[in-house]
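>>> what shape does this take:
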Amino acid sequence: KATVSVLYWIMKVVALVSGGKDSLNAIGKCIEYGHEVVCLANLAPEQESVEELDSFCFQTVGHTHVDAIARSMRLPLVKGTIKKDTSKVTTLEYSTKPTDKEDEVERLYDLLCKVKSAHPEVTAVCSGAILSNYQRLRVESVCSRLGLVSLSYLWQRNQDDYVAEIVDREYDVKLIKVASMGLKKSHLGKSLAELKDYLASLDYCHSAGEGGEYESIVTDCSMYHDRLDMTDTKVIVETDDMFAPVARLEFSLDAVPKSPRDDRLLPAKVQTTPQYAFTGTTPKTLPAPSSHKWVSSNAQWVIHSGLTAPSKGSLEDTTAELLSTVDSVGTDGCFVHVYGKSIKGFAAVNKGYNTHFDTNPPSRAFVEVGAQENDVTLDVMLYKGMREVLHVQSISEWAPACIGPYAQATTIGGTVLHAGMLGLDPPTMTLATPAEEDRTEAARMQAERALLSYEAVMPIVSSSMECVGLGVSYVLDPADVAQVRDVWAARYTDVPCLVVAVTALPKFAAFELQLMSTLTTADPATSTTTEHTVSVFFGNMCYTVSQLAHLDEALASYEGTDYEPGHVKVFVTEDDYQSDKLAAAGGLPTTILPTTGCVCLHKVFASSHGSMALIWGARK
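Residues are numbered from 1 along each chain as shown. Next up is the predicted model:
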C-alpha cells in the first residue's frame with residue numbers, strides 16, 4: 001500500500017553572488033521554489049583596487065559593490081579572495097580529488113568551508129551558470145566534496161527568453177563592461193530593458209552575455225530593501241578597438257530606501273503535490289545468477305554480467321567489491337544496470353558505486369528486483385574507444401539532476417545510451433503524482449514527465465526524440481501497461497518499448513524509462529522485424545527483443561549479419577521459471593530477472609505478454 005512521503009525538500013542556501021544579473025536571478029529562483037537564502041558568498045581579487053582578473057570561472061568586475069547588494073538584501077556576506085592567473089586546471093572536467101591546490105577553484109572550496117563554519121545550517125549552493133559546463137562542473141565538484149547540493153536553476157535557459165523574463169520581473173540590470181562586436185562604450189550604464197531588442201538582433205552576440213560579451217550589475221529588484229542608484233560614473237577603456245572595444249564602468253552606488261516595499265514583486269512560493277510511496281508485488285525468488293564476462297571479437301566491447309555475491313558486510317562494501325572485479329583495463333564504462341533486492345539500499349549502493357567512478361561515470365538504470373537471492377546484482381558494459389558523458393548534478397529547471405553517481409547520457413560513436421529517467425519535476429525534484437493516491441494514474445503522469453525531460457536532454461547530446469530506437473520502461477504492476485502504452489503511442493507508432501513489472505523503483509516512483517537513441521548527424525535507427533522478434537540497429541550496436549519461446553531463432557538471426565550477440569537479459573514470469581529456454585543463450589552473458597509481467601509495445605508483439613528477452617549485439 002502506498003504511503004505519503006516528504007512533500008518537498010526545503011533547503012537553506014548560500015548564494016554565490018557577483019552582483020550580476022545571473023547570480024541575482026538565480027537567488028530569485030531559489031526563493032520562488034521555496035528555499036531560504038541565509039547568506040551570500042563572493043570571491044574577489046586580493047587587492048581591492050584590482051577590478052578585473054579575467055578569471056576562467058568567476059566574475060570580478062563590480063566586486064567592490066557586492067557589499068552594498070548584501071546590505072540592500074539584509075543578508076550576511078561571506079567573502080574570500082582569488083589571485084590573478086590561478087586558473088591552473090583548464091580541462092573541462094574538474095576532479096573531486098584536485099591535483100593543484102593553487103587553482104582558483106580551491107579558493108571556492110575554502111570560501112564554502114568558511115560559509116559552513118559560520119552557517120552550519122546551509123545545505124545547498126546557488127549559482128547562476130547558464131551554458132558554461134566549465135563553471136557548472138567546478139561548482140558541482142566543490143559541492144560534492146562538501147556534501148552540499150548544487151542549485152543551478154538557470155541552466156540551459158533560452159537566452160532571449162531569459163533576458164525577457166529578467167525585464168518582465170523588473171530587475172534593473174545595468175551593463176558595466178562590454179567586450180564584443182556590436183557593443184560600444186556608449187552602452188555602459190544602459191539598462192537591459194533598453195538594450196533587450198538590440199542584443200537579440202546581434203547575430204554574433206549571446207543576448208544574455210554568455211560568451212563574455214558584457215557584464216552587469218543589478219541596481220534594483222524585488223529582493224532589495226534599498227534601490228541602488230548609480231553615481232560618479234567613469235568609463236575606462238581597456239582596448240580601444242574600432243569593432244569590438246573592451247571598456248568598463250567605474251561608479252558608486254547610493255542606497256535609497258524603498259518605501260513602502262512592494263511585496264507583490266517577490267517571487268511566489270512553489271506549490272507542492274502529494275508524494276506517495278508505490279511498490280509492486282514480489283514474484284517467486286530465483287537462485288543467484290552466474291557471473292559471466294564477454295569480449296567482442298573486435299575487442300571493443302566487454303560485458304560483465306550477473307555480478308553478485310552474498311553481502312558479508314555492508315551493502316556499500318559489497319557494491320564496491322563487485323565493481324572492483326570489473327576488468328576495465330583500456331576501456332571505459334558506458335552503462336551499468338543495477339538490480340537491488342530492496343530499494344532501501346539505494347543510498348548504500350550509491351556510496352559503494354561512488355568509490356569506483358569519479359567525474360565521468362557511465363549512464364545507469366537502478367530498479368528493485370525483490371525476488372533475487374542476493375542484495376545487489378550488476379551488469380556492466382564497457383567500451384574501448386571515444387565516449388562522451390553528460391553528467392549534470394545541479395538542480396535546475398532543465399531536466400532532473402542525477403539522483404546518484406551516474407551520467408544522464410553516454411555517447412559512443414553514433415549512439416546515445418540514456419540513464420533511467422523518473423517522472424520528476426526538475427526544479428523541485430518531486431514526482432508527478434495525482435492529487436489522490438492512484439498508482440496507475442501516477443504511472444501515466446510520470447511517463448509523460450519522463451518523456452518531457454528526455455526531450456530537454458536530447459539536444460545537449462546532439463540527439464532528438466525522433467532519433468529514439470528503443471525504450472525499456474519499468475512499472476510496478478502489469479495493470480499499468482495500458483497507461484504506458486497510451487503515452488508511448490502518442491509519440492511513437494513503430495519504436496519498440498519493453499515494459500517490465502518490477503517490485504520498486506527509486507524514490508518509490510510508479511514509472512521509470514530508459515531510452516537508446518542515435519545522434520542527429522548519424523544514420524537514424526531502423527527496425528527490422530520478423531514474426532516473433534524486432535531488432536533495432538544502431539551504428540555499433542544492435543538490440544533485439546524476443547519472446548522467450550523464440551529466443552533460439554532470435555539469436556540465430558545474427559548469423560550472416562555485421563553484428564554478434566553479446567548479452568541476453570531475460571525478464572521471466574513464474575510460468576517460465578522452469579523453461580528450458582532459459583538456457584538457450586549458451587555461453588553468452590545472461591541475466592535472468594523475475595517479473596510479474598512483461599510486454600513489448602510494438603506491432604510485432606501486439607497481443608503478447610509474459611516472459612521477454614532483450615539481446616544486445618555489437619558490430620563485429
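
>>> strands paired with the helix or strand Ala618 falls within, and their directions?
Secondary structure assignment for Ala618, by DSSP states H and E: strand 612-619. Sheet pairing for strand 612-619, assigned by DSSP bridges, gives strand 541-547 (antiparallel), strand 563-572 (antiparallel).

>>> for the helix or strand containing Ala164, name the packing helices and strands.
Assessed by DSSP H and E, Ala164 sits inside helix 159-168. With contacts taken as 3 or more Cβ pairs under 8 Å, 6 or more residues apart in numbering; DSSP states H and E, helix 159-168 sits against helix 21-32, helix 192-201. In short, each C-beta sits where N, CA and C put it, glycine included.

>>> next secondary structure after that helix?
Per DSSP H and E, helix 159-168 leads on to strand 172-179 as the next helix or strand towards the C-terminus.

>>> coming back round to it: reformat the helices and strands packed on helix 159-168 as TSV; add distance to Gly313, mean pLDDT and mean neighbour count.
Output for the helices and strands packed on helix 159-168, formatted as TSV (distance: least, Cβ to Cβ, whole Å; pLDDT from 0 to 100; neighbours: other Cβ atoms under 10 Å):
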stretch	distance to Gly313	mean pLDDT	mean neighbour count
helix 21-32	40	94	23
helix 192-201	57	94	16
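
>>> ok, now which ones touch Lys507?
Neighbour list for Lys507: 403, 422, 424, 431 [criterion: Cβ atoms under 8 Å, 6 or more residues apart in numbering].

>>> show me the helices in the chain, by range?
Using DSSP state H, the helices of the chain run over 21-32, 66-73, 104-118, 133-146, 159-168, 192-201, 315-324, 346-354, 439-457, 481-489, 551-556.

>>> for the ones you listed, which one ends up most surrounded?
Greatest average neighbour count among the helices of the chain goes to helix 21-32 (a mean of 23), per mean count of other Cβ atoms under 10 Å.

>>> using PDB, write out every CA atom in that helix.
The C-alpha atoms that make up helix 21-32 are tabulated as PDB, following Å, rounded to 0.1, in the frame of the first residue of the first chain:
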ATOM      1  CA  LYS A  21      22.000  39.600 -13.300                       C
ATOM      2  CA  ASP A  22      22.600  35.800 -13.400                       C
ATOM      3  CA  SER A  23      23.600  35.400  -9.700                       C
ATOM      4  CA  LEU A  24      20.800  37.600  -8.600                       C
ATOM      5  CA  ASN A  25      18.100  36.000 -10.700                       C
ATOM      6  CA  ALA A  26      19.300  32.600  -9.500                       C
ATOM      7  CA  ILE A  27      18.600  33.800  -6.000                       C
ATOM      8  CA  GLY A  28      15.100  34.800  -7.100                       C
ATOM      9  CA  LYS A  29      14.600  31.300  -8.400                       C
ATOM     10  CA  CYS A  30      15.700  29.800  -5.100                       C
ATOM     11  CA  ILE A  31      13.000  31.900  -3.300                       C
ATOM     12  CA  GLU A  32      10.500  31.000  -5.900                       C
END
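
>>> quick check: which helices or strands does that helix pack against?
By 3+ Cβ pairs under 8 Å, 6+ apart, helix 21-32 packs against strand 12-16, strand 36-45, strand 124-126, strand 149-151, helix 159-168, strand 214-220.

>>> quickly run through the sheet partners of the first one, with directions.
Paired strands of strand 12-16, with direction, are strand 36-45 (parallel), strand 124-126 (parallel) (DSSP bridges).

>>> pull out the buried residues from that strand.
Residues 13-16 are the ones in strand 12-16 that count as buried (16 or more other Cβ atoms under 10 Å).

>>> tell me the phi and psi of Ser132?
phi -80, psi 100 (degrees, to the nearest 10).

>>> ok, for Ser535, nearest residue in space, not its chain neighbours?
Thr544 (4.3 Å; Cβ to Cβ, 6 or more residues apart in numbering).

>>> I'd like to know the beta-bridge partner residues of that neighbour.
Beta-bridge partners of Thr544, as defined by DSSP bridges: Ser535, Ile615.

>>> what's the local residue count around Val572?
23 (other Cβ atoms under 10 Å).

>>> which residue is the nearest non-sequential neighbour of it?
Ser611 (4.6 Å).

>>> tell me where the stretch 251-400 of the chain has strands.
276-277, 292-295, 301-308, 332-340, 363-368, 376-383, 387-390 (DSSP state E, counting those that start in this stretch).

>>> residues in contact with the third one: which ones?
When contacts are defined by Cβ under 8 Å, 6+ apart, strand 301-308 is touched by residues 288-296, 322-323, 325-328, 331, 372-374, 376-384, 566-567, 589-591, 616, 618.

>>> give me the buried positions along that strand.
Within strand 301-308, the residues that count as buried by 16+ other Cβ under 10 Å are 301-308.

>>> from the chain's centroid, how far away is stretch 510-519?
Distance, stretch centre to chain centre, for stretch 510-519: 14 Å (Cα atoms, centre = their mean, to the nearest Å).

>>> just the CA trace of that stretch, in PDB.
Only the C-alpha atoms of stretch 510-519 are listed here, as PDB (Å, rounded to 0.1, in the frame of the first residue of the first chain):
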ATOM      1  CA  ALA A 510       5.500   4.400 -10.300                       C
ATOM      2  CA  PHE A 511       7.400   4.500 -13.600                       C
ATOM      3  CA  GLU A 512      11.000   4.600 -15.000                       C
ATOM      4  CA  LEU A 513      12.100   4.800 -18.600                       C
ATOM      5  CA  GLN A 514      15.400   4.100 -20.300                       C
ATOM      6  CA  LEU A 515      16.000   5.200 -23.900                       C
ATOM      7  CA  MET A 516      18.500   4.400 -26.600                       C
ATOM      8  CA  SER A 517      18.900   6.900 -29.500                       C
ATOM      9  CA  THR A 518      21.200   7.900 -32.400                       C
ATOM     10  CA  LEU A 519      22.800  11.200 -33.000                       C
END
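
>>> show me the shaky parts of this protein.
Counting by pLDDT under 70, the chain contains low-confidence ranges at 1-8, 96, 260-274, 286-290, 328-330, 523-525, 577-586, 607-608.

>>> tell me which residue of it is furthest from the middle?
Within the chain, the residue lying farthest from the chain centre (Cα atoms, centre = their mean) is Asp232, at 44.8 Å.

>>> return the residues in contact with that one.
250-252.

>>> distance check, it against Ser296.
70 Å (Cβ to Cβ, to the nearest Å).

>>> again, but for Pro400
From Pro400 to Ser296 the distance is 33 Å (Cβ to Cβ).

>>> with neighbour numbers in mind, choose between the two.
Between Pro400 and Ser296, Pro400 has the larger neighbour count (other Cβ under 10 Å), namely 24 against 20.

>>> any figure for the gap between the residue nearest to Phe346 when sequence neighbours are not counted and Thr595?
Distances taken as Cβ to Cβ, 6+ apart put Pro506 closest to Phe346, at 5.7 Å, once the chain neighbours are dropped. Distance of Pro506 to Thr595, computed by Cβ to Cβ: 18 Å.

>>> which of those two has more residues huddled nearby?
Higher neighbour count among Pro506 and Thr595: Thr595, with 23 against 20, using other Cβ under 10 Å.

>>> check contacts around the closest residue to that one other than its chain neighbours.
Of all residues not flanking Thr595 in the chain, Phe571 sits nearest, at 4.7 Å (Cβ to Cβ, 6+ apart). By Cβ under 8 Å, 6+ apart, the contact set of Phe571 is 498, 500, 593, 595, 598, 611-614.

>>> good, we can wrap up now.
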